[in-house]
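**Q** Okay, here's the prediction I keep looking at, along with the sequence it came from:
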Amino acid sequence: MTSVSVIIPCFNAAPTLPLQLKALAEQVDAPEFEVLVVDNGSTDNVESVVRAFQVPAGMTVRLLSAPDHQGAGYARNVGIREAAADLLMFCDADDVVSRWWLAHALRTFEVADLWCGSCIPLPDPVFSQPLETIRRSFGDSSTWQQPVEEQGATAFPVLMGGNFGARRTVMVALGGFDAAAPTGGEDNDLGIRAQAVGYPAVTCKATRIGYRNRPTPAAVHHNAVSAARAHAQLAQRYGLWPRSHFRHWPTDLLKSVAAHCRQLMQPKALLADMPISL
C-alpha cells in the first residue's frame with residue numbers, strides 16, 4: 001500500500017532528474033511510496049529518462065502530463081490530483097534529497113499536517129560528484145530534530161516548494177497552488193493562505209535537501225529581482241504592506257509591478273477547477 005506520494009514538477013529536467021530519482025531510490029527506513037514526475041511541457045524527452053530508470057522494490061514511478069499551463073504550481077496541482085496517498089512530499093528535479101528524507105517526513109507528519117524542510121545550498125559542480133559525496137556536502141544524517149514553529153511572528157511565512165510536506169486533504173482544502181500567483185512566489189502564497197486558516201509555519205530541519213545553487217551574476221540578479229517583485233505582489237494581494245520589512249522600497253519597484261498586481265488581486269487556485277475525489 002502506498003503511504004506517501006512524492007511530487008516532482010519537471011520542465012526540461014532530463015539532465016538532472018536521474019540523480020534525484022536515484023536519491024529517492026536509496027531511501028532508508030522508508031514506507032512504500034510513489035514518485036509522480038509531472039512533465040510541464042518539456043521538450044527534452046524526459047519521458048525516456050523516466051522509462052529507463054530502474055525502480056527498486058517499495059517504490060513506484062509514474063509519469064504525468066501537465067502541458068496546459070506553464071509553472072511549477074500548476075504541475076504540482078496535477079500531481080496532487082493524481083496522488084494515491086494522503087501524505088504528500090514535494091521536491092524538485094534538480095536537487096538531492098536526504099537518504100532519510102521520507103523517514104524523517106513520516107515523523108514530522110505526526111506533529112504537523114503542513115510543514116517545510118530545510119535546504120543546504122551547494123555549488124552546481126558538486127552535483128557532478130557521486131551521490132554519497134553530495135550527501136556529505138549537505139551534512140546528511142539520520143539524527144532526528146524535533147520540528148519547530150519558528151516563523152509564527154512573520155506575515156510572510158516561507159514554504160519551500162522544493163522541500164515540504166502536506167496532507168492531501170489540507171492541500172485540497174486550501175485549493176492547491178495558485179497558478180496566478182507571482183512567478184517564484186507560488187509556494188509562499190500558499191504559506192500565507194495556510195497561515196490565515198490556522199496552519200502554522202512548521203519547519204523540520206532534519207528533513208533536508210542539497211539545493212542546486214547556480215550563483216552566476218546573471219542568476220543572482222534574476223533571483224533577487226524575482227524575489228523582490230514576488231514579495232511586493234504578495235504584500236499587495238493580501239494587504240500586508242504594513243507588516244512588510246520592505247514597505248519603503250523605491251517607488252520605481254512598485255510601479256514596475258503595479259499592473260501585474262492588479263490582475264493578481266483575484267486569486268485563482270487551479271486545483272479548485274480539477275475533479276478531485278478524497
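**A** Received it, and whenever you're ready, just let me know what you need. What you see is a predicted model, and the numbers here were worked out from it, not measured in a lab.
**Q** Tell me if I'm right that G184 and V225 touch.
**A** No - if you go by Cβ atoms under 8 Å, G184 and V225 don't touch, sitting 9.9 Å apart. Every C-beta, even on glycine, is put in place using the N, C-alpha and C of the backbone.
**Q** Those two: which is more packed in?
**A** Using other Cβ atoms under 10 Å, the more surrounded residue of G184 and V225 is G184, with 17 against 13.
**Q** Show the average pLDDT along the longest helix along the chain.
**A** Ranked by residue count and defined by DSSP state H, the top helix of the chain is helix 217-237. The average pLDDT for helix 217-237 rounds to 71.
**Q** ok, now which ones touch A52?
**A** Contacts of A52 were listed using Cβ atoms under 8 Å, 6 or more residues apart in numbering, and none were found.
**Q** A218: neighbouring residues, count only.
**A** Neighbourhood size, A218 [other Cβ under 10 Å]: 8.
**Q** quick one: it from P15, how far?
**A** To P15, A218 is 19 Å away according to Cβ to Cβ, to the nearest Å.
**Q** How about D113?
**A** For D113, the distance to P15 (Cβ to Cβ) stands at 35 Å.
**Q** quick one: which of those two has more around it?
**A** Taking other Cβ under 10 Å, D113 and P15 do not tie; D113 has more neighbours (18 against 12).
**Q** phi, psi of the more buried one?
**A** Note on D113: backbone dihedrals following degrees, to the nearest 10 are phi -90, psi -20.
**Q** pLDDT wise, what is it at?
**A** According to the prediction, D113 has pLDDT 97.
**Q** residue contacts, it?
**A** Counting by Cβ under 8 Å, 6+ apart, D113 has contacts A166, R167, V170, Y199.
**Q** Leaving out the residues flanking it, which one is nearest to the second one?
**A** So the one you mean is R167. The shortest distance from R167 to any non-neighbouring residue, by Cβ to Cβ, 6 or more residues apart in numbering, is to D113 (4.7 Å).
**Q** distance of the one you found from R212?
**A** To R212, D113 is 28 Å away according to Cβ to Cβ.
**Q** All the helices of the chain, residue numbers only.
**A** Under DSSP H, the chain gives helices at 17-25, 46-52, 72-82, 101-109, 131-137, 168-174, 186-196, 217-237, 251-264.
**Q** Pick the most deeply packed of these.
**A** Greatest average neighbour count among these goes to helix 72-82 (a mean of 25), per mean count of other Cβ atoms under 10 Å.
**Q** Could the C-alpha coordinates of it be exported in PDB?
**A** C-alpha atoms of helix 72-82 as PDB (Å, rounded to 0.1, in the frame of the first residue of the first chain):
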ATOM      1  CA  ALA A  72       5.600  24.600 -11.000                       C
ATOM      2  CA  GLY A  73       2.400  25.400  -9.100                       C
ATOM      3  CA  TYR A  74       0.200  24.100 -11.800                       C
ATOM      4  CA  ALA A  75       2.300  21.000 -12.200                       C
ATOM      5  CA  ARG A  76       2.200  20.300  -8.500                       C
ATOM      6  CA  ASN A  77      -1.600  20.600  -8.600                       C
ATOM      7  CA  VAL A  78      -1.800  17.900 -11.200                       C
ATOM      8  CA  GLY A  79       0.300  15.700  -9.000                       C
ATOM      9  CA  ILE A  80      -1.900  16.400  -6.000                       C
ATOM     10  CA  ARG A  81      -5.000  15.500  -8.100                       C
ATOM     11  CA  GLU A  82      -3.500  12.200  -9.100                       C
END
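**Q** Scan the chain for its longest strand.
**A** Counting residues, the longest strand in the chain under DSSP state E turns out to be strand 202-213.
**Q** Flag every buried residue along it.
**A** V202, T203, C204, A206, T207, R208, I209, G210, Y211, R212, N213 (16 or more other Cβ atoms under 10 Å).
**Q** Same question for stretch 115-122.
**A** Neighbour-count burial for stretch 115-122 flags W115, C116, G117, S118, C119, I120, L122 (criterion: 16+ other Cβ under 10 Å).
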